[in-house]
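Chemist: Sequence and predicted structure are below.
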Amino acid sequence: MKLTILGGGGFRVPLVYSALLRDHDDGRVTSVALYDTDVRRLTAIARVLREQASTHLDAPVVTLHTDLDDALRGAEFIFSAIRVGGMGGRSCDERIGAAHGVIGQETVGFGGISYALRTVPVVMELTERIARLAPNAWVINFTNPAGVVTEAMSRVLGDRVIGICDSPIGLARRVLGVLGLQYADATIGYAGLNHLGWLRSLTVDGRDVLPDLFANPGLIETFEEGRLFGREWLSALGAVPNEYLHYYYFTREVKHADQLAPQSRGRFLVEQQAQFFDELGGSRLPALDDSGLDDSGLDNSGLDGSAMQVESAPQESALHESALQVWDRTRMERETTYMAANRQSVGMGDRDPEDLVSGGYENVAIALMRGIAHNQRARLILNVRNRGTLAELDADAVVEVPCTVDAAGAHPISDTALPDFGVGMIVNAKYVERQTIEAALTGSKTAAVRALAHHPLIDSVAVARTLLEDAMGEFSELAYLR
């Protein structure tokens, strides 16, 4: 089975490949095509994958591509994980937002809208190519803002595009952990949009155990979201919010913490990623012999179709880190500093080791693929078209809800419902998403301003207009807006 990853030079690709290496069942992925427009990033990530594969005799063959059509042909599954404007774009959104007193985080408020306006036109071109060259492929979307991008893609691909995020799974796992229960034994009740939803129930052996959390207030602040939101607020809600709702519930505190931070999250990642790719592209690491790559790690043959040899990896000197070690060190630093400003705003301090375990979005993706390819029924929280699941939204609105997965795709579970206190937030957020998509597809500045002005984290129409003008001045990708 062939998997194509769009954005194959992305930092998190080794997480996906590690999940593929753990899968030894029949019908697994045997071929991975990495597509990227940045050769340096693509070949650096390929070095990490090669080391990962070095102890696996049945490792999926990896090919590197800078030609999109070659990468897409024959794909049965396609992961979309692109970042239009790069990490520098994220940093720029944060800077523009801060200059006007609003949060610029990449999936929330101004930052999310700006990111979507850059991304959706590019994604739609990719979608048209997919529909033409791989019409039977299933697309699994990682590209942020995931809900907006998935809904835009669904206008061409219908139900063959499914968005995934690991935040709900990570949240459920942490709550179950403090209750002394196993994640695999629970049925998760969750409802909302991507990065805007609530954990409403956790059923184990036919009983909802989430009330046990609120019945023991001492447990609430022993896991990450409990400390982030506080026992008083979670008890008042009777539900546990997705971590990104902290931007909405504690807006003033987050903005104050952002002002005190030595640098924004985006700027930190720009510098960290630059150092990572410099290390993998420099002389500290040995060449990938017998792979078609020269000593710099670049493929002088043009990359397309050049299979990466994965059966062996070069030995490292004890004085130097391997490519995989550099990646793992960088990943751990990235995880430990995740949402640092939010934690600082409530005095949380460093993350606990157990909080560093992600929801495992790569494992969700593998389970989704196997469910579809081999009719292995599974229950997963996914971003799919609503189809009447949430009564407040229309059938085509992409929502983040529990789904059953089988050979026919992902099917939202009908007994899912929003909490009363979240209905207004979700309806408003979906309007903002729809206006953003309209702006991206039609080039309407008016729709873009409507999206910005109606977002609850932007408190002035005048500020909305200025934010858009500043973004258009910074990003050539927004020149289509008129």
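Modeler: Great, that's in hand.

Chemist: Domain map for the chain?
Modeler: What automatic domain parsing lists as the domains of the chain is 2-164, 168-250+346-356.

Chemist: which one of those domains lies closest to D394?
Modeler: domain 2-164 (11.1 Å; Cβ to Cβ). All C-beta atoms are positioned from the backbone trio N, CA, C, and that covers glycine.

Chemist: Can you name the residues that contact L72?
Modeler: Listed by Cβ atoms under 8 Å, 6 or more residues apart in numbering, the contact partners of L72 are T4, Y35, I78, R129, I130, L133, A134, A137.

Chemist: Report pLDDT for G85.
Modeler: The per-residue pLDDT reported for G85 equals 93.

Chemist: and it, how many residues sit next to it?
Modeler: Using other Cβ atoms under 10 Å, G85 has 20 neighbouring residues.

Chemist: what's it in contact with, if anything?
Modeler: C92, Y115, R118, F475, E477.

Chemist: Which ones among those lie within strands?
Modeler: The strands, defined by DSSP state E, take in nothing from those.

Chemist: Of those residues, which is the nearest to V13?
Modeler: Y115 (19.8 Å).

Chemist: Let me see the contact set for the most centrally placed residue in the chain.
Modeler: In the chain, the residue lying closest to the centroid (Cα atoms, centre = their mean) is F142, at 4.7 Å. With contact taken as Cβ under 8 Å, 6+ apart, F142 is in contact with G7, R12, F79, S80, A81, G163, I164, Y361, A365.

Chemist: quick one: least confident of the residues you listed?
Modeler: Y361 (78).

Chemist: That one: neighbour count?
Modeler: Neighbourhood size, Y361 [other Cβ under 10 Å]: 20.

Chemist: where exactly do the helices run in the stretch 351-482 of the chain?
Modeler: 361-374, 423-442, 445-453, 461-474 (DSSP state H, counting those that start in this stretch).

Chemist: Now the third one: buried residues?
Modeler: Put plainly, it is helix 445-453. Neighbour counts over helix 445-453 (16 or more other Cβ atoms under 10 Å) mark K445, A447, A448, V449, R450, A451, L452, A453 as buried.

Chemist: May I ask you to confirm that the fifth one is in contact with T436?
Modeler: Pointing back at R450 there. No: using Cβ atoms under 8 Å, R450 makes no contact with T436, being 9.1 Å away.

Chemist: and for these two, which residues touch both?
Modeler: Common neighbours of R450 and T436 (Cβ under 8 Å, 6+ apart) do not exist.

Chemist: re the thing from before, taking the contacts of G85 as a set, which two sit the farthest apart in space?
Modeler: C92 and E477 (11.3 Å).

Chemist: more neighbours, the two?
Modeler: C92 (23 against 18).

Chemist: which SSE is D258 in?
Modeler: For D258, the host element (DSSP states H and E) is helix 251-260.

Chemist: which helices and strands sit right next to the helix or strand that that helix is followed by?
Modeler: Using DSSP H and E, the helix or strand that directly follows helix 251-260 along the chain is helix 265-281. Counting contacts by 3 or more Cβ pairs under 8 Å, 6 or more residues apart in numbering; DSSP states H and E, helix 265-281 packs against helix 39-53, helix 86-99, helix 323-336.

Chemist: And the longest one, what does it pack against?
Modeler: Other elements packing on helix 39-53 under the criterion 3+ Cβ pairs under 8 Å, 6+ apart are helix 13-22, strand 31-35, strand 61-65, helix 265-281, strand 306-308, helix 323-336.

Chemist: quick one: average confidence on that helix?
Modeler: The predicted model gives helix 39-53 an average pLDDT of 95.

Chemist: now it and helix 323-336, what's the angle there?
Modeler: 100 degrees (axes from the mean of the first three to the mean of the last three Cα atoms, to 10 degrees).

Chemist: Ok, the second one next?
Modeler: The directions of helix 86-99 and helix 323-336 differ by 20 degrees, with the same axes, to 10 degrees as the criterion.

Chemist: Please name every helix or strand in contact with helix 86-99.
Modeler: Short answer (3+ Cβ pairs under 8 Å, 6+ apart): helix 86-99 packs on helix 109-133, helix 265-281, helix 461-474.

Chemist: Tabulate those in a markdown table, adding columns for distance to E321.
Modeler: Listed next are the helices and strands packed on helix 86-99 as a markdown table, based on distance: least, Cβ to Cβ, whole Å:
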| stretch | distance to E321 |
| --- | --- |
| helix 109-133 | 32 |
| helix 265-281 | 8 |
| helix 461-474 | 36 |
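
Chemist: rewinding a little: need the domains of the chain in JSON lines (columns: distance to D396).
Modeler: Below are these laid out as JSON lines (distance: least, Cβ to Cβ, whole Å):
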{"stretch": "domain 2-164", "distance to D396": "7"}
{"stretch": "domain 168-250+346-356", "distance to D396": "14"}
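
Chemist: just so I know, which of those domains lies nearest D278?
Modeler: So among the domains of the chain, domain 2-164 is nearest, using Cβ to Cβ, at 9.4 Å.

Chemist: and the angle from the helix holding D258 to helix 86-99?
Modeler: 110 degrees.

Chemist: So which bits of helix 251-260 are buried?
Modeler: Applying 16+ other Cβ under 10 Å to helix 251-260 flags T251, V254, K255, A257, D258 as buried.

Chemist: likewise stretch 6-25?
Modeler: Of the residues in stretch 6-25, 6-17, 19-21, 23 count as buried by neighbour count, 16+ other Cβ under 10 Å.

Chemist: Quick one: low-confidence residue ranges for the stretch 151-300 of the chain.
Modeler: 282-300 (pLDDT under 70).

Chemist: Tell me which stretches of it form strands.
Modeler: Counting by DSSP state E, counting those that start in this stretch, the stretch 151-300 of the chain has strands at residues 161-163, 186-193, 196-204, 207-208, 240-241.

Chemist: what lines up beside the third one in the sheet?
Modeler: Right, strand 196-204. For strand 196-204, the paired strands and their directions (DSSP bridges) are strand 186-193 (antiparallel), strand 207-208 (antiparallel), strand 240-241 (antiparallel).

Chemist: Okay, angle between the first one and helix 423-442 too, please.
Modeler: Interaxial angle, strand 186-193 versus helix 423-442 (the same axes, to 10 degrees): 60 degrees.

Chemist: pLDDT on stretch 393-405, on average?
Modeler: So the average pLDDT for stretch 393-405 ends up being 97.

Chemist: Deepest in the core, which of the domains of the chain is it.
Modeler: Most buried of those, by mean neighbour count (mean count of other Cβ atoms under 10 Å): domain 2-164, with a mean of 21.

Chemist: Compute the distance from the centre of that one to the centre of its chain.
Modeler: Domain 2-164 has its C-alpha centroid displaced from the chain centroid by 9 Å (Cα atoms, centre = their mean, to the nearest Å).

Chemist: Check stretch 250-267 too.
Modeler: Its chain's C-alpha centre lies 21 Å from the corresponding centre of stretch 250-267 when counted by Cα atoms, centre = their mean.

Chemist: do stretch 391-402 as well
Modeler: The answer for stretch 391-402 is 19 Å, by Cα atoms, centre = their mean.

Chemist: hmm, who's touching that stretch?
Modeler: Contacts for stretch 391-402 (Cβ under 8 Å, 6+ apart): 147, 150-151, 154, 163, 165, 168, 187-194, 196-197, 379-390, 412-413, 416-418, 423, 426-427, 430.
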